[in-house]
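Undergrad: sequence below, structure please.
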Amino acid sequence: LRDGIDCGISCYNFTALTAPDVKFNVSSWTEYEVGDLADLSSCGTLNKPNFRYELVQDVNTTGTCFTIAADNVTLDGRGYRIIGDGAGTDYGIVAIGRLNITLNNISISNFSNGIRFEGTNRSLIINNILLNNSNEGLLLLRSTNNTIRNNNMSENGIGIKLNSGPGNNIIDNNSIMSNI
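TA: Prediction:
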């Protein structure tokens, strides 16, 4: 991935590296990821650092769907949906005290909060749909240096809520409409 997006043939895939230390000669820099991949077909805790998770189908749940419990985690929805039951205090995705989380291409609906970041910094939320979440589509508590880009947030209690933080969050090119 480059900047949270699959970069196809313009990136190299080093899957056969076995050395404990790997050195790269880099002429320019962007946000690349190095890590393993896991397919997801159900909710759970994402607790492996430097890991990329991909949804392989829509997921329905009656509680919080994904808890991110490690740093340097990517969750790529691949266009699939995370759907709650519309009851209780739950989250589509929650991350507390994390660094470098990427959430992209996920549709999240019918939770209390679609995405809740608390003390989660230097992360990317891009190309997601946050729909019909009773409180907030996206809630950032004490979270800084995050980029929120190209998301569609509608029919939530509040589209985006930023609370109790020094900020430095970039909110760019999002569609936020018809929230209560």
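Undergrad: who does the residue most central in space within the chain bridge with?
TA: What sits nearest the mean C-alpha location of the chain, by Cα atoms, centre = their mean, is residue 103, with 2.0 Å. As for beta bridges, residue 103 partners with residue 75, residue 125 under DSSP bridges.
Undergrad: my read: it touches residue 125, true?
TA: Yes - between residue 103 and residue 125 there is a contact under Cβ atoms under 8 Å: 5.0 Å. Quick note: C-beta positions are derived from backbone N, CA and C, even for glycine.
Undergrad: joint contacts of those two?
TA: Common contacts of residue 103 and residue 125 (Cβ atoms under 8 Å, 6 or more residues apart in numbering): residue 115.
Undergrad: pLDDT wise, what is residue 154 at?
TA: Residue 154 is assigned a pLDDT of 97 by the prediction.
Undergrad: show me what contacts it?
TA: Residues near residue 154 by Cβ under 8 Å, 6+ apart: 130, 131, 137, 175, 176, 177, 178, 179.
Undergrad: quick one: neighbours of the third one, just the number.
TA: By other Cβ atoms under 10 Å, 31 other residues sit near residue 137.
Undergrad: then the last one?
TA: Under the neighbour criterion other Cβ under 10 Å, residue 179 is assigned a count of 17.
Undergrad: among the contacts of residue 154, which are in strands?
TA: Mapping these onto strands (DSSP state E) picks out 130, 131, 137, 175, 176, 177.
Undergrad: which of those residues lies closest to residue 65?
TA: residue 130 (13.1 Å; Cβ to Cβ).
Undergrad: what distance do you get for the closest one to residue 165?
TA: Residue 130 is 19 Å from residue 165, where distance means Cβ to Cβ, to the nearest Å.
Undergrad: of those two, who's got more company?
TA: The neighbour count for residue 130 versus residue 165, taken as other Cβ under 10 Å, is higher for residue 130 (29 against 18).
Undergrad: could you find the closest non-adjacent residue to the more buried one?
TA: residue 137 (3.3 Å; Cβ to Cβ, 6 or more residues apart in numbering).
Undergrad: how close does that neighbour get to residue 119?
TA: 19 Å.
Undergrad: go on, residue 112?
TA: Here the criterion is Cβ to Cβ. By it, residue 112 lies 19 Å from residue 119.
Undergrad: same question for residue 55.
TA: Counting by Cβ to Cβ - residue 55 and residue 119 are separated by 25 Å.
Undergrad: who has more neighbours, these two?
TA: Between residue 55 and residue 119, counted using other Cβ under 10 Å, the more crowded position is residue 55 (22 against 16).
Undergrad: OK, contacts around that one?
TA: 39, 40, 41, 75, 76, 77, 78, 80, 82, 106.
Undergrad: so what's it bridging to?
TA: On the basis of DSSP bridges, residue 55 is bridged to residue 40.
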